[in-house]
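Asker: Any chance you could fold what I've pasted below:
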Amino acid sequence: MICHPKNQYLRNDTTVLEIGTELDNGKYKIIDILGKGGFGIVYKVKRINDFKELAIKELLISSGAICMRTHYNNKVSTKNPKIFNIFKEKVKKEVKFFSQNENKNSNIIDIYGFFEENNTVYTVMEYIKGCDLEELVEKNRFYFSEVEILDLLEQLSNGFKKIHKKNIIHRDIKPNNIIRTNSGTYKLIDFTNIKMFLEEERGVITEMAGLNTKIFSPPELISTINNEIGVYSDIYSLGMTIYYCLSGKLDAPDANQRQINDTFKNNIDALDISDKYKSTITKMTHLKKDNRFQSIDEVLEYLEEIPFYKKKWYELSFEFIKDKFNKISFYISKISFPSISLPSISVPSFDFNRLINLLKVIGIVSLLAIIYRFFPSLESKICDTQQKMKVCKERYREIAFSPNPNLSDLDEFEKLVKGGVPINEIKNRSDETALNHLAYKGKYEFVKVLVDNGINPNIKDNKGETGIYEAIEYYPKHRKSSIQMINLLIKNKADVTVRTKKASPLYFAVKYKLVDIVKELVDSGVCSSEKGRTYGKIDIYGVANSVNIAPHKKKIKEIKKLLKDNGCY
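Answerer: Residues are numbered from 1 along each chain as shown. Next up is the predicted model:
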């Protein structure tokens, strides 16, 4: 997983504390700026005494200009002291609650304490290495399948049940506030905007309601009417988050727009997902709170009424074998075995019925072995029905478009490919096939499975990039596996002349001084056309003359000669 920095534009923001600033009387030192929202700024800090990395959130309500910073001394001032003081006290209460051991949960960010400085409150919490859902969907090419959504819901249910049991409503569930750690754990973050029942003034809730991201906010939260907020409010926001993860788009109307003209059902119907998931999202995001699910458990129970969403291909294969076993047992039980008459001789007593039953078992096992061997190997039949194909496609997407495909899934991936999954048709939201994505990730073993099973290596994504383009462009990240992929794709007739607005495979091969790859590209006809020769000239001079050639003078000279001798310019 590669998470892109969000702090580039914040470094020049005058409301943000500078990197290097010390907090809590020198106990913490700011080393980075993680983000800024309507309720505050989050910093990455280093604890001075043990160098542990933590996150600290500074309460600074920028929406409505409630808070401002006097930059020369870092002090926070406010034009509405009453509201600001209410929020400061609110933060303190919540930190005290969540920092208690009995309230901690593996799917909720750990909060350690707070301190007061610069006329505001700072919350100290764990620093999570990972990406939020927005980064996964928008920037990290993560394809959320139904299986992934179920995993997300099951993990978050632990956190939701914990806070909802304590009568706490998060009120700000959205993709930015759910992080997937590098180990695959989902964590709920940012509890600045929660509501504790019976502990908050209603007037403040109404006044601050507009601070949430509107698309993900339920009608009772963004309405000016004094509506009651409950667990169903978080369910609505979670439903909109699931829609975003499955669609990859922020095109949903907000609750106010829906109350005028509710077209959200059209958005849901356009998703390429099962009817079960469509109805789940519809019920979670119903405008009337009483018509929604009333707890996260209800959502999971509703989804799990269809068990095959959680099943892997080998579980379905086992069901197939079990079904065949039952049928064979039934037919064998109908066979009338003749009675055996033996001469009257003195032999030890023996139960021939047991022998017959044993022979039945041996026969059944033998038949199952034949089925497993000649079906053939079940792998060509694991996706042989419409229902099974749906599960196969979901599992294929889950493996192929994972942020970090694991070699432990390679055998299963190969069986799915051989089992009939349409590998040339299944794409992610960037219009990439699995080949493009896996080449980008440097997964040679997976790419080889696809190539060996006939995937078209020249399908372009929405940027005009193909598998070989991705493999060469990202060579510095993967090196050995990239070289293997490039050679494999060239041998399998990948189009070496592919070019985007940005560059071409030859451009990157020259840029990274890959002499052998340049030779492979030339031998494959990269400069066989007038267009290729024109671009060849651009590539060789545009790159070779723009890098520091002193350490690579010999390689650059060799590449230039190679291209010139083969008519590239």
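Asker: Using the three-state scheme, assign residue 160.
Answerer: Per DSSP: H, G, I helix; E, B strand; the rest coil, the local secondary structure of residue 160 is helix.
Asker: Where do the strands of this structure begin and end?
Answerer: Assigned by DSSP state E, the strands in the chain fall at 22-23, 28-36, 40-47, 53-59, 67-70, 75-78, 111-117, 120-126, 130-132, 168-169, 178-181, 186-188, 195-196.
Asker: Output the contacting helices and strands for the second one.
Answerer: Going back to what we said before, that points to strand 28-36. If contacts are counted by 3 or more CB pairs under 8 Å, 6 or more residues apart in numbering; DSSP states H and E, strand 28-36 sits against strand 22-23, strand 40-47, strand 53-59. (Glycine included, C-beta is placed from N, CA and C.)
Asker: Apply 7 Å and report the result again.
Answerer: Other elements packing on strand 28-36 under the criterion 3 or more CB pairs under 7 Å, 6 or more residues apart in numbering; DSSP states H and E are strand 40-47.
Asker: Sheet partners, orientation included, of the strand it packs on?
Answerer: Here strand 40-47 is paired, per DSSP bridges, with strand 28-36 (antiparallel), strand 53-59 (antiparallel).
Asker: Out of the ones you listed, which is closest to residue 472?
Answerer: Between residue 472 and these, the shortest gap by CB to CB is with strand 28-36, which sits at 32.3 Å.
Asker: I'd like the mean pLDDT over that closest one, please.
Answerer: For strand 28-36, mean pLDDT rounds to 88.
Asker: again with stretch 434-451
Answerer: Here the average pLDDT along stretch 434-451 is 90.
Asker: in the stretch 451-569 of the chain, which spans are helices?
Answerer: Ranges of helices in the stretch 451-569 of the chain, per DSSP state H, counting those that start in this stretch, are 467-473, 475-478, 480-491, 505-511, 515-523, 530-544, 553-565.
Asker: Just say which of those is most tucked in.
Answerer: The highest average neighbour count among the helices of the stretch 451-569 of the chain, using mean count of other CB atoms under 10 Å, belongs to helix 467-473 at a mean of 28.
Asker: returning to that earlier point: could I get the helices of the stretch 451-569 of the chain as TSV with mean pLDDT and distance to residue 408?
Answerer: Shown next, in TSV, are the helices of the stretch 451-569 of the chain (pLDDT from 0 to 100; distance: least, CB to CB, whole Å):
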stretch	mean pLDDT	distance to residue 408
helix 467-473	86	23
helix 475-478	82	19
helix 480-491	87	17
helix 505-511	81	31
helix 515-523	82	30
helix 530-544	54	39
helix 553-565	77	38
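Asker: would you list these in a markdown table and tack on distance to residue 15?
Answerer: Formatted as a markdown table, the helices of the stretch 451-569 of the chain follow (distance: least, CB to CB, whole Å):
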| stretch | distance to residue 15 |
| --- | --- |
| helix 467-473 | 38 |
| helix 475-478 | 36 |
| helix 480-491 | 43 |
| helix 505-511 | 40 |
| helix 515-523 | 49 |
| helix 530-544 | 42 |
| helix 553-565 | 48 |
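Asker: on that earlier part again, turn the strands of the chain into TSV, columns for mean neighbour count and distance to residue 508.
Answerer: Below are those laid out as TSV (neighbours: other CB atoms under 10 Å; distance: least, CB to CB, whole Å):
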stretch	mean neighbour count	distance to residue 508
strand 22-23	16	44
strand 28-36	18	31
strand 40-47	21	33
strand 53-59	22	35
strand 67-70	18	45
strand 75-78	16	48
strand 111-117	16	45
strand 120-126	22	39
strand 130-132	20	26
strand 168-169	22	51
strand 178-181	21	30
strand 186-188	22	36
strand 195-196	18	52
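Asker: related to what we said a few turns ago, just so I know, which of the strands paired with strand 40-47 lies nearest residue 136?
Answerer: strand 28-36 (15.5 Å).
Asker: Isn't residue 169 up against residue 236?
Answerer: No: using CB atoms under 7 Å, residue 169 is not in contact with residue 236; the gap is 11.1 Å.
Asker: Now for this structure, the helix or strand with the poorest mean pLDDT.
Answerer: For the chain, the helix or strand with the lowest mean confidence is helix 202-208, at a mean of 37 (criterion: mean pLDDT, DSSP states H and E).
Asker: what about the strands of the chain, which gets the closest to residue 244?
Answerer: Among those, strand 178-181 sits nearest to residue 244 (CB to CB), with 10.6 Å.
Asker: partners of that closest one, with directions?
Answerer: By DSSP bridges, strand 178-181 pairs with strand 130-132 (antiparallel), strand 186-188 (antiparallel).
Asker: what's the average pLDDT for it?
Answerer: On average, strand 178-181 scores 88.
Asker: Contacts for it, please.
Answerer: For strand 178-181, the surrounding residues in contact (CB atoms under 7 Å, 6 or more residues apart in numbering) are 128-133, 136, 186-189, 241.
Asker: what about 10 Å?
Answerer: For strand 178-181, the surrounding residues in contact (CB atoms under 10 Å, 6 or more residues apart in numbering) are 1, 3, 107, 109, 128-136, 140, 142, 148, 151-152, 155-156, 159, 185-190, 238, 241, 245, 403.
Asker: Name the nearest residue to residue 463, sequence neighbours excluded.
Answerer: Among residues not flanking residue 463 along the chain, residue 500 sits closest, at 5.9 Å (CB to CB, 6 or more residues apart in numbering).
Asker: From residue 396, how far off is residue 414?
Answerer: Shown here: residue 414 relative to residue 396, a distance of 11 Å by CB to CB, to the nearest Å.
Asker: Please apply the same query to residue 214.
Answerer: For residue 214, the distance to residue 396 - CB to CB - is 36 Å.
Asker: Which one's more surrounded, those two?
Answerer: Taking neighbours as other CB atoms under 10 Å, residue 214 and residue 396 compare with residue 396 leading, 23 against 14.
Asker: what residue ranges in the stretch 301-450 of the chain are flagged as low confidence?
Answerer: For the stretch 301-450 of the chain, the stretches with pLDDT under 70 are 304-354, 368-382, 384-387.
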